[in-house]
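Asker: when you get a sec, could you give me coordinates for this:
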Amino acid sequence: MNSRIKDFIGVAAVLGVIFFAYAAWVYVDAFSKSIEPSSFRSFSVSAESEMVAIPDIAQFSFSVITQGGVNIASLQTQNVEKVNNAITFVKSQGVEDKDIKTQNFSLEPRYQSFSCARPFGNEVQACPPPEIVGYTITQTVQVKVRDFAKIGTIVSGVVEHGANSVSQLSFTIDNPDTIESAVRTQAIQKAKEKAEAVARAGGFKVGRLLSIQEDGGPIYPFYEKLDTGFGGVVPASAPSPVIEPGSQKVKVFVTLVYEIQ
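Answerer: Residues are numbered from 1 along each chain as shown. So this is what the prediction gives:
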């Protein structure tokens with residue numbers, strides 16, 4: 001009886017070792033594939049897709065720069081009145097509150113320096129430090145315009161209503177993710193078709209998709225056309241600038257790696 005038990009235990013031990021060895025081999029094989037899937041039986045294909053989109057938002061900034069004496073309260077009152085006047089005009093053109101944002105408010109002192117040159121042989125005296133003779137207040141507001149028919153009117157109008165600097169005009173797409181997603185889908189579809197063509201030419205079948213890599217990213221070049229400059233004092237009768245947003249190209253480049261079957 002004891003001999004039979006010993007034999008049974010021995011067989012069980014051998015089976016256990018065989019099972020453990022098989023499980024270890026399966027794990028090692030699966031792990032090796034996970035860290036380098038089908039490294040010796042895979043191929044890659046690349047494709048690019050692009051789409052031309054028309055911008056739907058114009059964005060620019062205007063500033064009110066006010067210089068004066070040392071009475072900061074008076075200087076700030078002048079600056080704020082001009083900024084508020086320009087903002088009121090922008091809103092009167094249909095621009096919503098969410099599309100108007102204060103970017104910067106700064107107060108900078110202006111100094112007067114003294115010439116401290118001394119004639120040769122005279123006693124050297126301490127030179128007085130620079131004195132603050134006034135301040136400069138700058139307030140900058142960013143505006144988004146969604147009605148392109150009003151861009152020129154708004155840009156010239158803010159100057160007529162108090163702004164003395166307009167800059168950073170650019171055109172962009174309000175929701176670029178939607179266009180980028182569509183372009184990416186096109187690029188992946190092109191890459192899939194290319195993979196099938198390569199497999200047919202090579203006499204093999206396309207296996208499972210191992211990886212997708214997107215190189216670079218969407219490109220949004222800005223195209224602007226301005227028929228007049230900004231800044232300075234613009235008379236009330238000055239014509240509005242003609243502004244054309246042009247177009248923007250959204251481009252996506254992808255690389256797909258497939259297993260060879």
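Asker: right, and N85 touches H161 too?
Answerer: Yes - using C-beta atoms under 8 Å, N85 is in contact with H161, at 4.9 Å. Any C-beta I mention is one placed from the backbone N, CA and C, and that applies to glycine too.
Asker: in terms of neighbours, single out the busier of the two.
Answerer: Ranked by neighbour count (other C-beta atoms under 10 Å), N85 and H161 place H161 first, with 19 against 15.
Asker: isn't that one right up against Q93?
Answerer: No - here H161 does not reach Q93: they are 10.9 Å apart, not a contact under C-beta under 8 Å.
Asker: and the helices in the stretch 101-250 of the chain?
Answerer: 151-160, 176-202 (DSSP state H, counting those that start in this stretch).
Asker: helices or strands up against the last one?
Answerer: Contacts of helix 176-202 with other secondary structure elements, assessed using 3 or more C-beta pairs under 8 Å, 6 or more residues apart in numbering; DSSP states H and E, are made with strand 42-53, strand 206-215, strand 248-260.
Asker: the longest one: partners in the sheet, and parallel or antiparallel?
Answerer: Looking back up the chat, that one is strand 248-260. strand 42-53 (antiparallel), strand 206-215 (antiparallel) (DSSP bridges).
Asker: to K249, which of those lies closest?
Answerer: strand 42-53 (5.6 Å; C-beta to C-beta).
Asker: for the protein, which residues score under the pLDDT cut-off?
Answerer: Counting by pLDDT under 70, the chain has low-confidence residues at 1-17, 19-40, 117-125, 216-246.
Asker: check it for its longest strand and report it.
Answerer: strand 131-145 (DSSP state E).
Asker: separation between the residue lying closest to T102 once chain neighbours are set aside and D97?
Answerer: Nearest non-adjacent residue to T102, counting by C-beta to C-beta, 6 or more residues apart in numbering: V141, 5.6 Å away. Look at V141 and D97: by C-beta to C-beta, to the nearest Å, they are 12 Å apart.
Asker: neighbour count: the two, which is higher?
Answerer: Legend: neighbour count by other C-beta under 10 Å for V141 and D97, higher for V141 (21 against 8).
Asker: ok, that one - contacts?
Answerer: Shown in contact with V141 (C-beta atoms under 8 Å, 6 or more residues apart in numbering): 61-63, 83, 86-87, 100-103.
Asker: now the strands paired with strand 248-260 as TSV including mean neighbour count?
Answerer: Shown next, in TSV, are these (neighbours: other C-beta atoms under 10 Å):
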stretch	mean neighbour count
strand 42-53	16
strand 206-215	13
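Asker: so for G68, which of those sits nearest?
Answerer: The nearest among the strands paired with strand 248-260, by C-beta to C-beta, is strand 42-53 at 46.1 Å.
Asker: which helices and strands sit right next to the following helix or strand past that closest one?
Answerer: Counting by DSSP states H and E, the element after strand 42-53 in chain order, helix or strand, is strand 57-68. If you count contacts as 3+ C-beta pairs under 8 Å, 6+ apart, strand 57-68 packs onto helix 72-92, strand 100-112, strand 131-145, helix 151-160, strand 165-172.
Asker: and the ones you listed as JSON lines, adding distance to L256?
Answerer: Formatted as JSON lines, these follow (distance: least, C-beta to C-beta, whole Å):
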{"stretch": "helix 72-92", "distance to L256": "48"}
{"stretch": "strand 100-112", "distance to L256": "41"}
{"stretch": "strand 131-145", "distance to L256": "38"}
{"stretch": "helix 151-160", "distance to L256": "42"}
{"stretch": "strand 165-172", "distance to L256": "30"}
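Asker: which of the ones you listed sits most buried?
Answerer: helix 151-160 (a mean of 21; mean count of other C-beta atoms under 10 Å).
Asker: between strand 165-172 and that one, find me the angle.
Answerer: 160 degrees (axes from the mean of the first three to the mean of the last three C-alpha atoms, to 10 degrees).
Asker: export helix 151-160 to CSV, keeping only CA atoms.
Answerer: Extracted C-alpha coordinates of helix 151-160, given in CSV (Å, rounded to 0.1, in the frame of the first residue of the first chain):
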residue,chain,number,x,y,z
ILE,A,151,-13.6,92.3,-38.6
GLY,A,152,-12.5,95.4,-40.4
THR,A,153,-15.1,97.6,-38.7
ILE,A,154,-14.2,96.3,-35.3
VAL,A,155,-10.4,96.6,-35.7
SER,A,156,-10.6,100.2,-36.9
GLY,A,157,-13.4,101.0,-34.5
VAL,A,158,-11.5,100.2,-31.3
VAL,A,159,-8.9,102.8,-32.3
GLU,A,160,-11.6,105.4,-33.0
